[in-house]
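**Student:** Compute the structure for the input listed below.
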Amino acid sequence: MSTKINPDLQKERDQCTFDVTELTNLIDGGVEKTEERKKREEMALKENIHNDDVPSVYLSHKEKYELAVKKACLLFKMIRKLQEEENAGMENYMAVLGGNLGSAILSDGCPLTLHYVMFIPTVMGQGTVEQQAYWIGRAFNLDIIGTYAQTELGHGTFIRGLETTATYDPSTKEFVLHSPTLTSYKWWPGGLAHTANYCIVMAQLYTKGKCHGIHPFIVQLRDEENHMPLPGIKVGEIGAKLGMNGTNNGFLGFDKVRIPRDYMLMKNSKVLEDGTYVNSPSSKLTYGTMMFVRVMLVNDMCNYMAKAVTIATRYSAVRRQSQPKPNEPEPQILDYVTQQHKLLIGIASVYAFRTSANWLWLMYNNVTAELEAGDMERLPELHALSCCLKAASTADAAACVERCRLACGGHGYMLSSNLPITYGLVTAACTYEGENTVMLLQTARFLVKAWQQAVSGNTLTPTVSYLGDLRNGRRSPPWDNTIEVIIAGFQRVAAGKIGQCVAQIEKRQKSGMSYEDAWNMTSVQLTSASEAHCRAILLATYFQETEQRAGGVSPALRRPLRQLVDLYVVYWALQTLGDLLRFTSISERDIEQLQNWYEDLLVQLRPNAVGLVDAFDIRDEILNSTLGAYDGRAYERLMEEAMKSPLNAEPVNKSFHSYLKPLMQGKL
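**Tutor:** Sure, this is the predicted structure:
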């Protein structure tokens, strides 16, 4: 294949005003991290696991799963080899599963993901030292393959409503797991259907006739030798989905299945041999795994958005269309301000969410360390943050990928563009690991409590400290169009919305409504308040963290990094003008200036658009797109990919002789 670069794309690279490699190193976290990533990618891609004889989109559902298992096994064999060479811990597994590499090799989902991101972390977080020693060794060596089953056919995010039961029998020192109804069947866990032979099951614990709520249990599902389901285990696959069809999502039911007492994970709560229940120091400790996954998800969304904006931006440099000026050549569609408006905010979003993901990861590690020392003070704050950032990142990623698909016109509709497949992956994240509306309402509970603490004059945790300053509803200070004032404006919006929600709930209670009904009636406003809080956090974090890092980069790079922050903040100000008009002193003239500022920023960033996506350094094999390859040969690749269709293997399809010809001859 020719390595010649499309001249329009090369021209874009030639006009870039900063060193792309410097930005790549900054994104990765340093030169060494970039080298590690490249080495990992080179090693994986050299194995040729990513290449298919026939593109997987043409395979049946069953064939897709079989190919996914084959690829996953080859991938983990490679990672195991890397582990032995480097004597590393979980780093390589997490780098592959949470990074671009895994989604490139297993583009439609991996049936082993939950083994590493849910099964092992849950045992580590909720198992005793003895349980960790036994289970993690077996899981890490892949002697067993695990998954994590929480969601049921009838209940998802409402964990307390789960129906699966685990009843302790002191006479045999066993738990009896049972699915009393169809709606109690576990539904959705990845790898559950035909891949895993063990599972962490979240079930209602009963002992001595009393229910003690949801607890985790390890259950063997299949024979370790022949993989047949064990007696009482009803397990299978849930069927084809919008995306992630290699994930092997399954259902699971129990018919009085017995497991040993020590198969309950007992780091926090315990059941003694006689059936006595020993309570956990805090019920919140049970949700550690879910928080871990939500924190990881923010980073995943950055990777998917980075792919989408890379594809759409490069294609926009190559594609020429229309003739706004007579007798002049068709311009690159990247020259249209409407196209810049679609793409540059997507690029800024990647940088904004990556900054917030790193900040959240650091906070997660700090709070986890505090938990180990028995300090749970910051756990509610972390939970609230992980909920709203999960909701915002997944919703924004879905909107960003779809906007990029539309920005590529008809060709973006082709599966070979990799944009529809990427959309299938990101939109799934809007509902798994906590449906987004429910996540925002979880954050709202924390915000309402924080508001009440502020009213009482109590000290607030850092991310809601602004409520203490603004709760008195002091008159809004004069507005000026600076980043600091806009961010302060978003905090004022969030505080105003939270305060109004609390007032509405109290008013409804005074009129005779129960607190629960008052909450439900106010829930649309509550989700809006949570989103406003999240936007304020995102903008402040992106601005502050970028300012801190700006001092360590070259002046040439500092400029576009700050322009991206400005673009992101001004974009969201324009998106939420109604709120700003309601809660701040912004004027019509200020809005006009904001719009002009935004358009000027698009013009300033336009020459660096390709450089900013090149800095993500996503290899063609990982990007897997006919439209977004580094060389810009979009049209050639579209034709090459079209010729891989099985329908093009023969000039005349047999349906012509069976149906079309008889129809045309009146003989059908």
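
**Student:** which SS state does residue 460 fall under?
**Tutor:** Secondary structure assignment for residue 460 (DSSP: H, G, I helix; E, B strand; the rest coil): coil.

**Student:** actually residue 253, sorry about that
**Tutor:** Put simply, residue 253 is strand when judged by three-state DSSP.

**Student:** That one bridge partners, please.
**Tutor:** Per DSSP bridges, the residues bridged to residue 253 are residue 234.

**Student:** ok, how many other residues are close to it?
**Tutor:** The number of residues packed near residue 253 is 23, by other CB atoms under 10 Å. In short, each C-beta sits where N, CA and C put it, glycine included.

**Student:** the bottom helix or strand of this structure by mean pLDDT?
**Tutor:** Least confident helix or strand, the chain: helix 91-97 with a mean of 63, by mean pLDDT, DSSP states H and E.

**Student:** what's the nearest residue to residue 620 if we skip its chain neighbours?
**Tutor:** Nearest residue to residue 620, sequence neighbours excluded (CB to CB, 6 or more residues apart in numbering): residue 629, at 4.8 Å.

**Student:** Run through the residues that contact the one you found.
**Tutor:** Neighbouring residues of residue 629 by CB atoms under 8 Å, 6 or more residues apart in numbering: 314, 620, 623, 637.

**Student:** re earlier: what's the following helix or strand past the least confident helix or strand of the chain in contact with?
**Tutor:** Remark: after helix 91-97, the chain's next helix or strand is helix 100-105, criterion DSSP states H and E. Applying CB under 8 Å, 6+ apart, the set of residues contacting helix 100-105 from outside is 40-41, 44, 49-50, 71, 75, 95-96, 110, 113, 303-304, 306-307, 425, 618, 621-624.

**Student:** Now with 7 Å, please.
**Tutor:** Helix 100-105 has contacts (CB atoms under 7 Å, 6 or more residues apart in numbering) with 40-41, 44, 49-50, 71, 75, 96, 110, 303, 307, 618, 621-622, 624.

**Student:** try stretch 22-37
**Tutor:** By CB under 7 Å, 6+ apart, the surrounding residues in contact with stretch 22-37 are 354, 553-554, 557, 615-617.

**Student:** one more time with 8 Å, if that's ok
**Tutor:** Stretch 22-37 is contacted from outside by 95, 99, 354, 549, 553-554, 557, 561, 611-612, 615-617, using CB under 8 Å, 6+ apart.

**Student:** Can you name the two of the residues you listed that sit furthest apart?
**Tutor:** 95 and 554 (27.5 Å; CB to CB).

**Student:** of those two, who's got more company?
**Tutor:** It is residue 95, of residue 95 and residue 554, that has more neighbours when counted by other CB under 10 Å, with 20 against 11.

**Student:** now residue 200: how far from residue 228?
**Tutor:** The gap separating residue 200 from residue 228 is 21 Å, by CB to CB, to the nearest Å.

**Student:** quick one: which of the two has more around it?
**Tutor:** residue 200 (28 against 11).

**Student:** Neighbouring strands - and their directions - for the strand or helix carrying the more buried one?
**Tutor:** In this structure, residue 200 sits in strand 198-207 according to DSSP H and E. Counting by DSSP bridges, the strands paired with strand 198-207 are strand 146-149 (parallel), strand 165-169 (parallel), strand 210-220 (antiparallel).

**Student:** burial count for residue 106?
**Tutor:** By other CB under 10 Å, 26 other residues sit near residue 106.

**Student:** quick one: it and residue 70 touch, right?
**Tutor:** No - when contacts are counted by CB atoms under 8 Å, residue 106 is not listed as touching residue 70 (10.2 Å).

**Student:** from the contacts of helix 100-105, which is closest to residue 176?
**Tutor:** Taking CB to CB as the measure, residue 176 lies nearest residue 110 of the contacts of helix 100-105, at 32.9 Å.

**Student:** what's the burial count for the closest one?
**Tutor:** 29.

**Student:** which ones are touching the closest residue to it other than its chain neighbours?
**Tutor:** What sits nearest to residue 110 in space, not counting adjacent residues and going by CB to CB, 6+ apart, is residue 72, at 5.2 Å. Counting by CB under 8 Å, 6+ apart, residue 72 makes contact with 106, 110-112.

**Student:** Now tabulate the residues you listed in TSV and tack on distance to residue 214, pLDDT and secondary structure.
**Tutor:** Listed next are the contacts of residue 72 as TSV, based on distance: CB to CB, whole Å; pLDDT from 0 to 100; DSSP: H, G, I helix; E, B strand; the rest coil:
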residue	distance to residue 214	pLDDT	secondary structure
106	31	81	coil
110	27	89	coil
111	26	91	coil
112	25	90	coil
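
**Student:** is it possible to export these to JSON lines including distance to residue 26?
**Tutor:** As requested, the contacts of residue 72 are exported to JSON lines (distance: CB to CB, whole Å):
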{"residue": "106", "distance to residue 26": "28"}
{"residue": "110", "distance to residue 26": "29"}
{"residue": "111", "distance to residue 26": "35"}
{"residue": "112", "distance to residue 26": "32"}
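
**Student:** Format the CA atom coordinates belonging to stretch 608-616 as PDB.
**Tutor:** Below are the C-alpha coordinates for stretch 608-616, written out as PDB (Å, rounded to 0.1, in the frame of the first residue of the first chain):
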ATOM      1  CA  ASN A 608      -3.800  23.300  14.700                       C
ATOM      2  CA  ALA A 609      -6.900  21.100  14.400                       C
ATOM      3  CA  VAL A 610      -5.000  18.200  12.800                       C
ATOM      4  CA  GLY A 611      -2.000  18.600  15.100                       C
ATOM      5  CA  LEU A 612      -4.200  18.400  18.100                       C
ATOM      6  CA  VAL A 613      -5.700  15.100  17.100                       C
ATOM      7  CA  ASP A 614      -2.400  13.700  15.800                       C
ATOM      8  CA  ALA A 615      -1.100  14.300  19.300                       C
ATOM      9  CA  PHE A 616      -3.400  11.500  20.500                       C
END
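
**Student:** Now tell me what touches it from outside.
**Tutor:** The contact list for stretch 608-616 (CB under 8 Å, 6+ apart) reads 9, 12-13, 16-18, 20, 23-24, 27, 306, 309-310, 313-314, 316-317, 334, 340, 343-344, 347, 350, 560, 564, 605, 630.

**Student:** Which ones among the residues you listed map onto helices?
**Tutor:** Among those, the subset assigned to helices under DSSP state H consists of 9, 12-13, 20, 23-24, 27, 306, 309-310, 313-314, 316-317, 340, 343-344, 347, 350, 560, 564, 605.

**Student:** Buried among those residues? Make that a ChimeraX selection.
**Tutor:** In ChimeraX syntax, the buried subset of those is picked out as below (16 or more other CB atoms under 10 Å):
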select :9,12,20,23,24,27,306,309,310,313,314,316,317,340,343,344,347,350,560,564,605
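
**Student:** host element of the most centrally placed residue in the chain?
**Tutor:** Nearest to the geometric centre of the chain sits residue 297, at 3.3 Å (CA atoms, centre = their mean). If you go by DSSP H and E, residue 297 is part of helix 288-318.

**Student:** Could you pull up the mean pLDDT of that helix?
**Tutor:** Mean pLDDT, helix 288-318: 88.

**Student:** quick one: contacts for residue 161?
**Tutor:** Counting by CB under 8 Å, 6+ apart, residue 161 makes contact with 154-155.
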